[in-house]
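Trainee: give me coordinates for this.
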Amino acid sequence: MSQVVEPVDNFIDAIIGREKPLASGVDGLRAVEVIEGAYRAAKMGEAILLYRS
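Mentor: Sure, this is the predicted structure:
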């Protein structure tokens with residue numbers, strides 16, 4: 001199965017209750033925090049620290 005199709009199929013199956021999602025809401029939150037940190041660091045031109053919330 002393709003690297004794109006598997007997560008999409010899992011997402012659909014999780015919505016309809018057939019299986020658990022591959023990634024949790026907390027996983028999604030962490031990904032957004034990292035991406036926002038990268039943008040902030042690029043804008044400031046320096047490294048930043050990321051803290052777990």
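Trainee: what's the longest helix in this protein?
Mentor: Counting by DSSP state H, the longest helix found in the chain is helix 25-44.
Trainee: tell me the spacing between Ile48 and Val26.
Mentor: 21 Å (Cβ to Cβ, to the nearest Å). For every residue, glycine as well, the C-beta is placed using N, CA and C.
Trainee: pull the residues that contact the helix or strand where Pro7 lies.
Mentor: Pro7 is located in helix 5-15, with elements delineated by DSSP states H and E. Helix 5-15 is contacted by residues 1, 19-22 when judged by Cβ atoms under 8 Å, 6 or more residues apart in numbering.
Trainee: what about it, average pLDDT?
Mentor: Regarding helix 5-15, the rounded mean pLDDT is 94.
Trainee: related to what we said a few turns ago, nearest to Ala41, of the contacts of helix 5-15?
Mentor: Relative to Ala41, the closest of these is Leu22; by Cβ to Cβ it sits at 27.9 Å.
Trainee: which residues sit in contact with the closest one?
Mentor: Leu22 neighbours (Cβ under 8 Å, 6+ apart): 7, 10-11.
Trainee: quick one: which of the residues you listed is most hemmed in?
Mentor: Scoring these on neighbours with other Cβ atoms under 10 Å, the highest-scoring entry is Asn10 at 16 neighbours.
Trainee: who's sitting farthest from the centroid in the protein?
Mentor: For the chain, the residue at maximal distance from the C-alpha centroid (Cα atoms, centre = their mean) is Gly45, at 24.1 Å.
Trainee: the spatially closest residue to Ala41 that is not a sequence neighbour: what secondary structure?
Mentor: Leaving out its chain neighbours, the residue that sits closest to Ala41 by Cβ to Cβ, 6 or more residues apart in numbering is Ile48, at 4.7 Å. With DSSP: H, G, I helix; E, B strand; the rest coil as the basis, Ile48 sits in coil.
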